[in-house]
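# The amino acid sequence is not available; the structure is as follows:
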C-alpha cells in the first residue's frame, strides 16, 4: 500500500509541477493571454523558482500539521486551524511595523522569522492551555480555542495595518492573504529548505515513538517512550516549521490539515512512511493550488495562493468534521 501510495503522491506532484511550469499568462500583442506551453527561458526560470518555493513550503506545512496532530492527539490540528498561522502573522506584522518605525530592515536582523516564531509558540501554548481539561485535550475545544485565538490575532494584525503608512499597509495585506514569492530572497529560500530537511529528519528519526505517542500516556510509558521529551520535540518542530512558513509566504491555510490525512489514506498510518508521505502530500497540494490560481483571472490579477487553499480546504475541513472520517 505504501509503495503505491508514494507513487500516486509523486505522480500528482510531478503532474502539478509540470502544469505549473507550462501554464501561465504570456504577453501577446500588448495583452496577457493564458497559454499552456513551455515559455521563454526568463519566464521558465521564474516559474521554476515558484515551483521550488511551493514544494518546500507545502512540505513544511505538511510536516508541521503532522507534528501538531500527534502532539495534541487531534487529527483536526493544523497550524491554520489552531490559530498558529495567525499568531505567527501577528508577530511578523509587529516586527515589520517596528522595523519601519525605527528605520531599519527587518530582514537584515532576521526579525521576520523571530517574530513569527514568537507568535507561533505563544499561540500554541495558549491554545493548548485553553483546550486542556482534566480528561486531556478535547478535539472540539481545541478547534474552537484555535479559531477564537486566531481571530483575535488576525484582528491584531489588521490593527497594526491601520497604524502604518499606506505603502507598508498594502504589503502587509498582500502578505496576509498568503502569497508565494516568485523571486524569493536566496537566504529566505535556503532557510525554508533547510528547515524542511531538519524537520523531516527529526520526525523520521522518532517515527516509532510517534506511533506509540498516538495512544495514551500510560501505554506510551509502558512501551519505553519518553513522552515528555517527545512532546517537546513535536512542539518545537511544529511551531518552528509553521513560523518559518508564515515568515516566508504569509498564512496559508488547510495544507497542514489535509496533507497528513491524504498521506494516511495513501501510505498508511505508520510514521516510518507517514512522515515522508505528509511532506509529499503537502507539496503536491500547494503546487496544485498554485497551478489552479494561474487559470483564475478576475481582471485584477491572479488570486493569492492562500485564497485558493482556503476556498478548497475550508469545505474539506467541514466534510472531515461532519463525516467523522478524521476519527477513524
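Looks like it arrived, so ask away. Small disclaimer: the values here were computed from a predicted structure and weren't measured.

# where do the helices sit along the stretch 1-150 of the chain?
2-22, 41-72, 84-102, 111-130, 139-162 (DSSP state H, counting those that start in this stretch).

# quick one: the spatially closest residue to residue 313 that is not a sequence neighbour from residue 237, how far?
Of all residues not flanking residue 313 in the chain, residue 254 sits nearest, at 2.4 Å (C-beta to C-beta, 6 or more residues apart in numbering). Every C-beta, even on glycine, is put in place using the N, C-alpha and C of the backbone. From residue 254 across to residue 237, the span is 20 Å (C-beta to C-beta, to the nearest Å).

# check contacts around the residue nearest to residue 313.
78, 80, 81, 309, 310, 312, 313, 314, 316, 317 (C-beta atoms under 8 Å, 6 or more residues apart in numbering).

# can you give me how far stretch 304-311 is from the chain middle?
12 Å (C-alpha atoms, centre = their mean, to the nearest Å).

# neighbouring contacts of it?
For stretch 304-311, the external contacting residues (C-beta under 8 Å, 6+ apart) are 54, 174, 177-180, 249-255, 285-286, 289-290, 292-293, 296.

# For this protein, which residues score under the pLDDT cut-off?
Filtered on pLDDT under 70, the chain yields the residue ranges 1, 27-32, 105-111, 133-139, 299-300, 323-328.

# Report the central residue of it.
Within the chain, one residue has its C-alpha closest to the average C-alpha position: by C-alpha atoms, centre = their mean, that is residue 61, at 3.1 Å.

# Surely residue 210 and residue 204 touch.
No. Contact status for residue 210 versus residue 204: not in contact, 9.4 Å apart, counting by C-beta atoms under 8 Å.

# Looking at the two, which one has more neighbours?
Neighbours were tallied for residue 210 and for residue 204 using other C-beta atoms under 10 Å; the higher tally belongs to residue 210 (24 against 17).

# Now do the contacts for that one.
Neighbours of residue 210 in contact, by C-beta under 8 Å, 6+ apart: 70, 203, 230, 271, 275.

# in what helix or strand does the last one lie?
Right, residue 275. Secondary-structure assignment from DSSP states H and E places residue 275 in helix 271-294.

# that older thread, from residue 23, how far out is the residue nearest to residue 313?
Remark: distance between residue 254 and residue 23 (C-beta to C-beta) = 22 Å.

# What separation do you get for the nearest residue to residue 149 once chain neighbours are set aside and residue 8?
Taking C-beta to C-beta, 6+ apart, and ignoring the residues beside it in sequence, residue 149 has residue 83 as its nearest neighbour in space, at 4.2 Å. In this view, residue 83 and residue 8 are 32 Å apart by C-beta to C-beta.

# Looking at these two, which one has more neighbours?
When residue 83 is set against residue 8 and neighbours are counted by other C-beta under 10 Å, the residue ahead is residue 83, at 29 against 17.

# tell me the contacts of the more buried one?
Neighbouring residues of residue 83 by C-beta under 8 Å, 6+ apart: 123, 127, 145, 146, 147, 148, 149, 150, 151, 153.

# residues touching the fifth one, list them.
What it means is residue 147. Taking C-beta under 8 Å, 6+ apart as the contact definition, residue 147 lies against 81, 83.

# Same check on the fourth one?
Listed by C-beta under 8 Å, 6+ apart, the contact partners of residue 146 are 81, 82, 83, 84, 127, 131.

# Now it: closest residue in space, sequence neighbours ignored.
Setting aside the residues directly before and after it, residue 146 is nearest to residue 82 in space (C-beta to C-beta, 6+ apart), at 3.6 Å.
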